[in-house]
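[1] Any chance you could fold what I've pasted below:
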Amino acid sequence: MRLDRFLTNLPCFNRQQVRLLLVQRRVRVDGVITADPLHEVREFSRVEVDEQLLQAGRPARYLMLHKPMGCVSATSDPQHRTVLDLLPPAWRDDLHIAGRLDYNTTGLLILTNDGQWSRRLTQPQTKLAKVYHVQTEDEIGAHYVEKFRQGFYFAFEDLTTQPAQLDILGPREARLAIVEGRYHQVKRMFGHFQNKVLQLHRESMGMIELDPALLPGQYRDLSAAEIACF
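    Got it, this is the predicted structure:
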């Protein structure tokens, strides 16, 4: 919300008073004096007028987690351990998952309490490349590459998937980059060839790569540079 609107929405100021406060440079956002009425105020922003605290803000969290096998990408589940169970209890009610992974899929998972940021990360228009390491039951043929590039028709959704890049690393091993997140998409793609996916591991989302120092179940804060990617 723009700063002038934020202030006029409060019962203690009218529009004229807000204009005067800004001109007199009596408003601070996150400790910095601003006279710009268009300055963005978010739920994480600390807003003060003189010595009066109008909004304390709350800490914004951006986490990278190495999701282990055998836990669900959900905030709660009656039967299974969730990825939030791997985090401090005090954080759990505040976080949501940006880009889920299946129960037995491992790798990069991003959690945040910043809804605006996560929407930029996950909205289809972003066409964010998600890279997976795939191991299959049968050999991956060279003809797979062109089919992944062309896309697969999914009858249930009545759509054809976006072009994907498949790089064959070995007889039963490949790296796959996709820009969508359809239900069991990677497994269904390989299922077109009657080839079962045995292991699926997400290595990156856009410019954010899973930190190799993180063991399964471990997490860390995203760096400022990683957050700025979106």
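[2] I'd assumed F152 was in contact with T160.
    Yes: taking contacts as Cβ atoms under 8 Å, T160 lies within contact range of F152: 6.8 Å. (Glycine included, C-beta is placed from N, CA and C.)
[3] nearest residue to G57 other than its sequence neighbours?
    R46 (4.2 Å; Cβ to Cβ, 6 or more residues apart in numbering).
[4] who's more crowded, T160 and F152?
    The neighbour comparison of T160 against F152 (other Cβ atoms under 10 Å) goes to F152, with 18 against 11.
[5] Enumerate every residue touching the residue nearest to the more buried one when sequence neighbours are not counted.
    Nearest residue to F152 in three dimensions, chain neighbours excluded: T161, at 4.9 Å (Cβ to Cβ, 6+ apart). By Cβ atoms under 8 Å, 6 or more residues apart in numbering, the contact list for T161 reads G151, F152, F154, I178, E180, R182, Q185, M189.
[6] Now do T161, the pLDDT please.
    Looking at T161, its pLDDT is 96.
[7] what do you get for the one 3 residues further on?
    At A164, the model reports a pLDDT of 97.
[8] what's near enough to touch it?
    A164 touches F148, R149, G151, L176, A177, I178, V179, M189, counting by Cβ under 8 Å, 6+ apart.
[9] where's the fifth one relative to E203, distance?
    What that stands for is A177. Between A177 and E203 the distance is 10 Å, computed by Cβ to Cβ, to the nearest Å.
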